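Visitor: Predicted model, plus sequence, below.
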Amino acid sequence: MVRGPRTRAVPKNKDCVVEDGETLKAAMKAATNGKLRNGHGSPHQILAENPRKRGRPPTAKAEAAGAEKRARLEARVAGRRKHLNNINGVVLTLGQGDTGQLGLGPDIMERSKPALVKDLSSVSAVCAGGMHTVCLTKDGKVYTFGCNDEGALGRTMEDEEEECCVPGLVDLPEKARQISAGDSHTAAVTDSGHVYIWGTFRDSSGSFGLTPDGQMQKLPVKLGLPGDREVVKISSGSDHLAMLTSAGELFTVGCAEQGQLGRVAERFVARGGRRGLQLLLLPDRVHAKNRRTVFADVWAGSYDTLALSTDNEVLVCGLNNYNQLGVPKGKVIHTLTKSKALTEAAANCGGWAHIVVGQHHTLALDAAGNVHALGRVEYGRLGLGEQRSTDATEPVQVGGALEGKKCIDVSAGTTVSFAVTEKGECYSWGMGSNGQLGLSSGEDDAWEPDTMLGKQLEQRKVMAVSGGGQHTVLIAQEDSAPANGITQSS
């Protein structure tokens, strides 16, 4: 016997209230509850009481929520931004200098304590690359020194052997406002928001160029973003560059072997596969799983990229073999993934003002000036003490000598870590064999933060620090000025 479709029993009459965000279809469903049949109004009348679109809050509520987000994000970096704007000092270097990266001339191969780089003043930012150094002055000029085998210095030299060992000016079409450096590349953002880059990117097979034609560039070239977007921040890993636009978009370019670009599938990471080098060497936008995500900050490390959304979520991609990204599973992450550990820690400490990534570890500076570490424990790079024998899979606050001190800057070299306090002290820890730490213990590994020493620091306060492959770069100013860079009048 063939049966017809069963009819559903009509439920008893109940008052029906259309919830916020329901559509006309939802309102029609209210008929099954009897409201419309009993003359309590039409679907259009019901929706008139809730006119807004599905899932969107009222304008006033949305604006209030947006203002709260902006205030929270601004508070996160307010103190650090004020400090950065007031940095103005001389450059000190230490560590290995066999390729001129110390800027002390061709005869200085290493320094175990900070040494003054001559002919550089009014410096506002420094970056230590793999084997070269980049400095930005208050008036927007960029100086470089160190290894130039693959064009990382961005300038022509008559006697390269001599001139690469001392600071030299890079010719840019306009003033620069930010710099970054990787193993063999350097980049700068100009006042107009354009990015200039020089040198080359490398992968496990060697150099594969900087521009889509596969050529290294020994002089600065403009890096064109689609639509000529304005870039407000850049950050370099060893062989990739991350860029944040004024519209909150994230772009990447460079090597993708460890997933650090966040936009290249695993089958294309080897020089773009069948899609070619253009996939890697043409800047392209990185999307989160929620394609409406807007980014507020970005940080790149050796083989990683981390981005902060306006919802205060930390999204990550790249190498995660020691859980340095705060993601429990996945040694290599090819697309932006939420780091639960970094996101939850940020919510508990007022947000991350700055994040730096070494080869296998991460340091995060919170809004209150506390330093947190996660990742690989070997050589003491986490600063958690010699009794710590296991890697940190979530951020752990660094104590010891930093206990109770407010930090204003952090940096991570390959296997070393640094922090600068508001009083102008520089603390270092990690592997000591390259002489990067500047400690009284010499080349021994330091498992906890210790104060960097040296004659050049006796009358100066440290304002900023940058750890490179085998060397360290500091900005310091005379001790008569406070660490926030504002001179008190007498």
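Guide: Received, thanks. Residues are numbered from 1 along each chain as shown.

Visitor: Point out the other helices and strands that the helix or strand residue 251 falls within packs with.
Guide: Taking DSSP states H and E as the definition, residue 251 sits inside strand 250-254. For strand 250-254, the packing partners by 3 or more C-beta pairs under 8 Å, 6 or more residues apart in numbering; DSSP states H and E come out as strand 240-245, helix 278-281, strand 284-286. The C-beta positions use only the backbone N, C-alpha and C, and glycine is treated the same way.

Visitor: nearest to residue 217, of those?
Guide: Residue 217 lies closest to helix 278-281 among the helices and strands packed on strand 250-254, at 10.9 Å (C-beta to C-beta).

Visitor: okay, the angle between the strand holding residue 251 and strand 240-245?
Guide: 160 degrees (axes from the mean of the first three to the mean of the last three C-alpha atoms, to 10 degrees).

Visitor: Direction included, what does strand 250-254 pair against?
Guide: Strand 250-254 has these partner strands in its sheet, going by DSSP bridges: strand 240-245 (antiparallel), strand 284-286 (antiparallel).

Visitor: where are the low-confidence patches of this protein?
Guide: 1-57, 62-63, 66, 480-490 (pLDDT under 70).

Visitor: Scan it for its longest helix.
Guide: Ranked by residue count, the top helix of the chain under DSSP state H comes out as helix 59-85.

Visitor: re earlier: and of the helices and strands packed on strand 250-254, who's closest to residue 205?
Guide: Judged by C-beta to C-beta, the one of the helices and strands packed on strand 250-254 that comes nearest to residue 205 is helix 278-281, at 12.8 Å.

Visitor: Only C-alpha atoms, please: export the closest one in PDB.
Guide: What follows is helix 278-281 as a C-alpha-only set of coordinates in PDB (Å, rounded to 0.1, in the frame of the first residue of the first chain):
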ATOM      1  CA  GLN A 278      55.600  35.100  -9.200                       C
ATOM      2  CA  LEU A 279      53.500  33.300  -6.600                       C
ATOM      3  CA  LEU A 280      56.200  34.000  -4.000                       C
ATOM      4  CA  LEU A 281      57.800  37.200  -5.200                       C
END
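
Visitor: Give me the contact list for that helix.
Guide: The contact list for helix 278-281, computed with C-beta atoms under 8 Å, 6 or more residues apart in numbering, reads 201, 208-212, 214, 253-256, 261, 264, 268, 271-273.

Visitor: any chance you could map the helices in the stretch 151-300 of the chain?
Guide: Ranges of helices in the stretch 151-300 of the chain, per DSSP state H, counting those that start in this stretch, are 160-163, 278-281.

Visitor: Just the buried residues of the first one, please?
Guide: Buried positions in helix 160-163, judged by neighbour count with 16 or more other C-beta atoms under 10 Å: residue 163.

Visitor: do the last one as well
Guide: Of the residues in helix 278-281, those with enough neighbours to count as buried (16+ other C-beta under 10 Å) are 279, 280, 281.

Visitor: Same check on stretch 83-101?
Guide: 83-84, 86-97, 99-101.

Visitor: ok, now stretch 410-424?
Guide: Residues 410-422, 424 are the ones in stretch 410-424 that count as buried (16+ other C-beta under 10 Å).
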